[in-house]
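> have a look at this fold, sequence not included:
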Ligand SMILES: C[S@@+](CC[C@H](N)C(=O)[O-])C[C@H]1O[C@@H](n2cnc3c(N)ncnc32)[C@H](O)[C@@H]1O
């Protein structure tokens, strides 16, 4: 996968891309990336990239020219996904991250200030992504969040011990609780089933705990799931407690 990142602040990405699993993923060739500072493409004599909004109002708006020229310099082929970071966009979900992890070329557009000239949104972009219902100062953190969620799903990036398929949201549920050594910590015991060696029972316990956790914390997720009759009855009991 190749990722182009259009940003005014490439230095913000340093720590995230050069640490831990994302660093390892780059070293192994799972993805490459390039920064394009669209200020370098500004034809304004002071390299300005923003201007006052037509109609008045507070804040500055990113002008179309630097972004359009920067995109033309990349010249992405028609299959590239061009992702505009935007609080008004489609909420980032695990399903969206899975979809994007199958792409060969992603382009991130990171805004700043009051927002973008609408023509950027209308003519350069394939997807608008929001990382939540709150407003940040710029699109760099949302781009890093999206990149992290996507890259860890690229085949080969996670080792066996870090595998993604059981993570929360992958099967529509929150993940079950985890325990590790010691079996007894300050009098707090690990549930017996997990040390029983009975894998069928362990899977059953994990499914039930996932379902319980999802019912209690994120009942909205259950609406999209097909549950067995027994599971539905169990869910109703937890809800009515
Ligand atoms: C201050 S925000 C602009 C918000 C805009 N005026 C609005 O109300 O929708 C500046 C930039 O930060 C990024 N941004 C802020 N919050 C975001 C979020 N929740 N998800 C994705 N991008 C966000 C976008 O790139 C946005 O253009």
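Good, I have the coordinates. As the structure is a prediction and not an experimental result, all values here were calculated from the model.
> now the spatially most central residue of the chain: which helix or strand?
Using CA atoms, centre = their mean, the residue of the chain that lies closest to the mean C-alpha position is residue 146, 3.1 Å off. Secondary-structure assignment from DSSP states H and E places residue 146 in helix 140-151.
> could you chop this protein up by domain?
Under automatic domain parsing, the residue ranges defining each domain of the chain are 2-151, 168-239.
> now check the helix holding residue 146, is it near the ligand?
Yes: for helix 140-151 and the ligand, the contact criterion (CB under 6 Å from any ligand atom) is met by residue 142. Yep, even glycine has a C-beta here, placed from its N, CA and C like the rest.
> the helices in this structure, which residues?
Counting by DSSP state H, the chain has these helices, from start to end: 14-17, 20-27, 64-74, 94-101, 118-124, 140-151, 199-217, 219-222, 229-239.
> tell me the most buried of the ones you listed?
Using mean count of other CB atoms under 10 Å, the stretch among the helices of the chain with the largest mean neighbour count is helix 140-151, at a mean of 21.
> name the residues that touch stretch 63-77?
Outside stretch 63-77, the residues within contact range by CB atoms under 8 Å, 6 or more residues apart in numbering are 4, 6, 36, 38-43, 48-51, 82, 105, 107, 109, 116-117, 119-120, 123-124.
> repeat that for stretch 146-164.
The set of residues that contact stretch 146-164 without belonging to it, under CB under 8 Å, 6+ apart, is 1, 3, 16-17, 21-22, 24-25, 28, 30-31, 83, 85, 92, 94, 97-98, 100-101, 106, 108, 129, 131, 170.
> now do that stretch: distance from first to last residue.
16 Å (CA to CA, to the nearest Å).
> may I ask which helix or strand of the chain has the lowest mean pLDDT?
The helix or strand of the chain with the poorest confidence is strand 115-116; it has a mean of 94 (mean pLDDT, DSSP states H and E).
> does any part of that one sit near the ligand?
Yes: if you take CB under 6 Å from any ligand atom as the test, strand 115-116 does meet the ligand, through 115-116.
> sorry, back to before: would you mind checking the contacts of stretch 63-77 for buried ones?
Buried residues within these, defined by neighbour count using 16 or more other CB atoms under 10 Å: 4, 6, 36, 38-39, 41-42, 49-50, 82, 107, 109, 116-117, 120, 124.
> just the closest of these to the ligand, please.
Out of the buried ones among the contacts of stretch 63-77, the one with the shortest distance to the ligand is residue 116. That distance is 5.9 Å, counting by CB to the nearest ligand atom.
> strand partners of the strand ranked longest in the chain, parallel vs antiparallel please.
The strand that spans the most residues within the chain, counting by DSSP state E, is strand 81-91. Each strand that pairs with strand 81-91, with its direction, by DSSP bridges: strand 105-109 (parallel), strand 127-130 (parallel).
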